[in-house]
Every structure is written in C-alpha cells, then in structure tokens.
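[1] The following block contains a protein sequence and its predicted model.
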Amino acid sequence: MRHEVGPYLITPLLLVLVFSGIAGLIISLYLLKYKRSTGLIYLALMQFGTAAWAFFYGLEYAATSLSLKIFWSKLSYLGIVFTPVFFYLFSLHFASKHAAITRKLKIGLFSLASIFLLLVLTNDLHFLHWASYSINPEFNTTNYEYGILFWLVFMFCYTLLFLSIINIVSLIFEFPENFHTQIILLTMACIFPVVGNLMYIFNVSPVPGFDWTPIFFVFSGLALTFMNVRYGTFDLVPIARNKFLDMLPDGIAVVDRHQRIIDVNPAFLRLTQQDRNDILGKSLVTAFPKVKSLMEQLAPKEILEPIELDAEIHGETIYFDLRITPLYDPKNSLSGQLITLRDITEKTVYEQKINQTNQQLKQEIAEKEKLIADLDAFDHTVAHDLKNIIGAIVTSTDLIQSEVEQQNFQDLGEIIELIQLSANKSLHVIKELLTLASVRQQDVKSEPVDMLRVFEESEKRLADMIKTSEATIIKPKDWPSAYGYGPWIEEVWVNFLSNAIKYGGKPPVIELGSTQFYSEKKIRYWIKDNGDGLSPAKQKKLFRKYERFNQSQIEGTGLGLSIVKRIVEKLGGDVGVISNAIPGEGCIFYFTLPQD
C-alpha cells in the first residue's frame, strides 16, 4: 500500500515512524512537567532525541531521491548521537551515582557527540562516515557502505548504551526484592532498541535496509514512563532509598500514596518480627494491626514528633516511637510517606518503673503524712489518758508506801486493784499504737477467713466486758467467708464490739449480720447497737479524727476506729456507719471485704 506525494512515498512503515515520533514528543513534554527532577529531564531529552530521530528517519525512508534521503539521514543523527548521551546521564542519576555526573563528563560527552554530528553533516567532504550509498528500489530503503567514522559513532553510542544498562542492572543487587520487577522491566526496555539497531546494522530486518531503532527507542520511553506513572519508581527511589538505610538501627518503611508498603529496611523487619514477603505490597495496617484506626488517621499527616505505640510480639509487649515524613513528587503532590520506627522498650519500661517507684514513694509519703496528722490529732488524748493513768499509778504507790509505814493493810487490796487497772489501760493504749504501726508497715497475704471463728476469738477477748455490761449478742446462723487476714479482722471485731457495748443501751443489745453484693463480689459485715446513735456531723468525724464522744462517761482512746479503717482499706475493703441519731435505734457499723 503505497502513495506518492511529490518526492515522498507514503507507506505503513512511514506512518509507524511518524506515530513513534509523535509519541516520543508527547512523552518528552509530559516528562518535562517533572523538571524539578534532574533524572526525568534527562529522560525527557532522551525521548525528544528519539522523536527527532523517528521524524527525520521517516522523511529519509519516505524520500524517493537519493539526495533527500542523505539530507534527512544526516539530520536524524541529531537523535542518534545525543540520545545515548541523555540515556547514560539518566542511568547515572537513577542509580544514585550523582557524583559521577560532573561538569567535565557532560562537556566531554556533548563535545564528542557534537563532533560526530559535524563529521556526519560534512560527510560529502571526506566520506569517512559513508563511503557510498544507494537506494534499494524494492523497499525504497537506503543502502550504505560504512566508513571508519560510522564505526566510531557505533562504538560511542553502544558504549554509552551498555554502560547505561549496567548501571540499571546493578540496582538488582542493591535494592530490595520488591524493586526487582521494575528494574528487570527497565532493563528490557533498555535492551529493546539495541536489538532493533543490531537488526539494522547486520541486515537481519524483515524489511531490508529499514532501521527499527527509533521505533524501539520510543516504545522503550513509553515503558519507562509507564513505570514512573504506575510505580512512582523515579519519584520515590532517589528520595527515600539509599544504601546506608540497611545499616540503620531504626526501622524504615516507604509507603505509597495508597498506604501500601513498597520498601522496608532490615531493621524494620527485625523490630516488627515480620517477613518481607508478608508485608510488601500490603496495607500499612498489616504491620500495626492493633492500631489500625490510628494508622488510618495518620495516613495523610506529617508526624515529626514521636508517637508511642505498643505491639505484642511473641507474647512480649514491645514499645515503639513512630514518625511519619511525607514524600512529595516534583508537582508537590503526595507520592508516599517515610515511616521511621524506633524500639523504645527499654526506655519505656525504665520510665514505667520510675513512675511506679514515684507513685509508691508518694503513697508512702501520703501515708506518713496521714499518720503524722493522725498522731497530731491523737497526741493530746493519748497524752492526757497516759498522764492520768501514770498519775493514778504514782498516787497509788504513794498510798501503798504510806499504808505500809503505818502498818495499815486494810486498803492495800483496793490500791493494788487500781494500779492493775491503770497498768492494763496503759497496755491497751500501747497495743493500739503498735497495731496502728503494724498495719501501716506490714504487708500480708489475703486468704479465706472463717468469720465465725474470728468473731468468737474477739468475743473471748471481751468476755469480762460483755459479762459486766450484761450485753445480749444476737449472731447470724451463717457467716459467709471473705478474703482477708484473720488477726487484723479480729482487731476490727474487737473495736466494733467494744464500741457497741460502750455506746449501746443499758443493757446493750447487739445484733450482727452480713450482706452479700454478688455483682461486686464483696461481702459487708455489720454490727448494730441500741444506743442513742450519731448525728451526721459526728459520723463525718468518726473515722478520720481521734475524738471520743461522751468522754466523761466512756473510757477509751479514740484510736480504735482509725485502726479499723486502716486495716479494712489495706485489705481492699471499706468501712462506714449508718445512723439516724434516734435514741434506741443506735448505729450500724460495717466493713466490706472482697469475696475472692
């Protein structure tokens, strides 16, 4: 299918060359939009050179006169000698060999290419490039007899092409496996035009004398551009991937604009305990499944300040700090993100221990301050009681001495009984103080408590008091078991029971019982008296201030309920009182303990 238009012959192969030239020009203009990336400028200029090569060779192929063919053939060398130069510079930039792209290198390459072009243009003066040429009438192609200059140009172009291919192929050994497919495709795209040119040089083309090289070069450019658009290869690799990343102790991951992981360094895999093949190409949340919602929120953001994350790896909690740096393409559009991951487990655990120690110290300080406040509030009462007790003992000893001197032994029994009573009171005060200190300092292990047995021990300790007061004690049939420490709970019952006798009616009627809170897994034990009860104001003071109500009538130190509160709270429970201040209804004192 041929049509002659003036001195040119229109054929399908000419249309292929024209289409290839237009495609190369479009690719070049498209890539020039990325002019802030030097590597893409070289690729764009390479495509511009192949477009010029395809256009001028198309005119040579279409021309029917030998002079026109040689004229267009000479012009096609604008693309032939400069395209390999631009391709070589692109390969150096893509392989991150920026230091090799020196001013001297560029001047040398462009000077040599310009000299070759000048010698081709002036071939009619020396015939060093083409010794002779003729037209193949069957295919309208040009037959050349090559001179020495042609082979020098051939060596120059092929040397640059092979060096370019080596630069790109070498990346297979430096880049992770997920880039290998792209590099292999890129290498094939580079080799494609070489094959086309060899077909032309050694005359193995299906169309004798037809040069497929510019067409193959254009299609190589299409493949390179597709890889840039599809994979973002030229946008991300020069920015985010350098060889030293493999040596960093911090985990590094590169994700694309769709939050897919496209590259990780060994440290990232070590920190997350994952296999490269399990996460490459998958969503970022695969690496952090416990914080999926957080990672989705952080996807479009820049996080330069560390965010602390934790993950359970092989049954152990590992703490990380995470930073996210956005990666932008030359059009200032988000093309991906750089994830930096650092293991801060040791630091975090150390800080947690420090915080825990600080909390314990604060708690101890608070307890000591509370004890000091308690003792400050109690010192006057205790001092007054001990002063009276010791005064009574001193007075009694003076009386004994006087009676002995007078040989009067009639009243010695009463005096000795008074001394014993005072001594017992002193021992009681001291015991309460020791109990308070013991509860504050001692740690005990909670275990099931037989509450009936514990109460009976308390009852035995107060047997004389119960008998003297003629108290009636109504006990429950069942005593549910709770967790606690028997000796301490015995002190609780002694204090509650003695108070019920002291402040109850005349005679005291005391009722005991318990209430179970199944939902909270707790048991409340209570004791009810028939005294006058307590007003709300007095109830507020009861457990926090060492104050005895009805001091003129009731003996005691006022320390007992404070001890009760300390004991029960340390066992994980609480204490309280219920009263309507109605004479005869008395008070209900209670303490609650865990059931398990």
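    Thanks, I have the structure now. Numbers count the residues shown, from 1 in each chain.

[2] buried sites along whichever strand or helix holds residue 562?
    Assigned by DSSP states H and E, residue 562 belongs to helix 560-570. Residues of helix 560-570 classed as buried: 560, 561, 562, 563, 564, 565, 566, 567, 568, 570 (neighbour count, 16 or more other CB atoms under 10 Å). C-beta here means a position set from N, CA and C on the backbone, and glycine is covered the same way.

[3] and the closest residue to residue 94 other than its chain neighbours, helix, strand or coil?
    Excluding its sequence neighbours, the residue lying closest to residue 94 (CB to CB, 6 or more residues apart in numbering) is residue 39, at 5.6 Å. Secondary structure, DSSP: H, G, I helix; E, B strand; the rest coil: residue 39 is helix.

[4] Kindly state the pLDDT recorded for residue 39?
    Residue 39 is assigned 70 on the pLDDT scale.

[5] ok so, going back, and the next element down the chain from the helix holding residue 562?
    That would be, after helix 560-570 and using DSSP H and E, strand 574-578.

[6] could you give the mean pLDDT of that next one?
    Strand 574-578 comes out at a mean pLDDT of 92.

[7] what about it, distance to the chain center?
    Chain-centre distance of strand 574-578: 45 Å, with CA atoms, centre = their mean, to the nearest Å.

[8] Give me the contacts around it.
    534, 539, 542-543, 561, 564-565, 568-569, 587-592 (CB atoms under 8 Å, 6 or more residues apart in numbering).

[9] can you give me the angle that strand makes with helix 560-570?
    Strand 574-578 and helix 560-570 are oriented at 130 degrees to each other (axes from the mean of the first three to the mean of the last three CA atoms, to 10 degrees).

[10] Report the buried residues of strand 574-578.
    The neighbour-count check on strand 574-578 (16+ other CB under 10 Å) flags 575, 576, 577 as buried.

[11] what's the answer for stretch 508-524, then?
    Of the residues in stretch 508-524, those buried (16+ other CB under 10 Å) are 508, 509, 510, 511, 512, 513, 514, 522, 523, 524.

[12] helices or strands up against the one helix or strand residue 82 maps to?
    Element membership of residue 82, judged by DSSP H and E, is helix 66-94. With contacts defined as 3 or more CB pairs under 8 Å, 6 or more residues apart in numbering; DSSP states H and E, helix 66-94 has these neighbours: helix 38-62, helix 103-121, strand 130-136, strand 141-146, helix 148-169, helix 213-231, helix 233-240.

[13] the inter-axis angle of that helix versus helix 38-62?
    Angle of helix 66-94 versus helix 38-62, following the same axes, to 10 degrees, is 160 degrees.

[14] Mind checking the pLDDT average for helix 66-94?
    89.

[15] repeat for stretch 46-54
    Computed over stretch 46-54, the average pLDDT equals 82.

[16] quick one, phi/psi of the nearest residue in space to residue 508 that is not next to it in sequence?
    When the adjacent residues along the chain are set aside, residue 508 lies closest to residue 471, with 4.1 Å between them (CB to CB, 6+ apart). Here is the backbone geometry of residue 471 (degrees, to the nearest 10): phi -70, psi 140.

[17] returning to what we had before: touching, the residue nearest to residue 94 and residue 91? I think so.
    No. With contacts counted by CB atoms under 8 Å, residue 39 stays clear of residue 91, the gap being 9.1 Å.

[18] As a check, name the ranges of all strands in the stretch 301-450 of the chain.
    Counting by DSSP state E, counting those that start in this stretch, the stretch 301-450 of the chain has strands at residues 303-313, 316-328, 334-343, 447-449.

[19] can you list contacts of the last one?
    Contacts with strand 447-449, where a contact means CB under 8 Å, 6+ apart, come from 481, 482, 483, 484, 485, 486, 489, 593.

[20] 10 Å - rerun?
    Outside of strand 447-449, the residues within contact range by CB atoms under 10 Å, 6 or more residues apart in numbering are 479, 481-486, 488-490, 571, 593, 595-596.

[21] who does residue 576 bridge with?
    Residues in a beta bridge with residue 576, per DSSP bridges, are residue 590.

[22] returning to that earlier point: nearest to residue 518, out of the helices and strands packed on helix 66-94?
    Nearest to residue 518 among these is helix 233-240 (59.8 Å), distances taken as CB to CB.

[23] got the angle for the helix or strand following that closest one vs strand 316-328?
    Note on helix 233-240: by DSSP H and E, the next helix or strand toward the C-terminus is strand 251-256. Counting by the same axes, to 10 degrees, strand 251-256 points 50 degrees away from the direction of strand 316-328.

[24] what's strand 251-256 packed up against?
    The contact analysis (3 or more CB pairs under 10 Å, 6 or more residues apart in numbering; DSSP states H and E) places strand 251-256 against helix 233-240, strand 261-264, helix 266-272, strand 316-328, strand 334-343.

[25] can you rerun that using 7 Å?
    When contacts are defined as 3 or more CB pairs under 7 Å, 6 or more residues apart in numbering; DSSP states H and E, strand 251-256 sits against strand 261-264, helix 266-272, strand 334-343.

[26] any chance of these in TSV, with mean pLDDT, distance to residue 143 and mean neighbour count too?
    Compiled in TSV, the helices and strands packed on strand 251-256 are given as follows (pLDDT from 0 to 100; distance: least, CB to CB, whole Å; neighbours: other CB atoms under 10 Å):
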stretch	mean pLDDT	distance to residue 143	mean neighbour count
strand 261-264	78	50	23
helix 266-272	77	58	19
strand 334-343	78	50	20
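
[27] Reformat those as a markdown table; add distance to residue 14.
    Output for these, formatted as a markdown table (distance: least, CB to CB, whole Å):
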| stretch | distance to residue 14 |
| --- | --- |
| strand 261-264 | 42 |
| helix 266-272 | 54 |
| strand 334-343 | 40 |
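
[28] Quick one: closest of those to residue 211.
    Closest of the helices and strands packed on strand 251-256 to residue 211 is strand 334-343, at 37.7 Å (criterion: CB to CB).

[29] Each with direction, which strands does the closest one pair with?
    Looking at strand 334-343 with DSSP bridges, its partner strands are strand 251-256 (antiparallel), strand 316-328 (antiparallel).

[30] neighbouring contacts of it?
    Strand 334-343 is contacted by residues 232, 235-236, 240, 250-257, 268, 271, 318, 320-329 when judged by CB atoms under 7 Å, 6 or more residues apart in numbering.

[31] Now for the chain, the helix or strand with the poorest mean pLDDT.
    Least confident element among the helices and strands of the chain, by mean pLDDT, DSSP states H and E: helix 233-240 (a mean of 44).

[32] What mean pLDDT does stretch 524-537 get?
    91.

[33] List the buried residues of that stretch.
    The neighbour-count check on stretch 524-537 (16+ other CB under 10 Å) flags 524, 525, 526, 527, 528, 529, 530, 531, 532, 533, 534 as buried.

[34] The fifth one and residue 505 touch, don't they?
    No. Taking contact to mean CB atoms under 7 Å, the distance of 11.4 Å between residue 528 and residue 505 leaves them out of contact.

[35] quick one: pLDDT of residue 517?
    pLDDT, residue 517: 89.

[36] Would you map the strands across the stretch 451-596 of the chain?
    Counting by DSSP E, counting those that start in this stretch, the strands of the stretch 451-596 of the chain are 472-474, 482-484, 509-517, 522-528, 574-578, 588-594.
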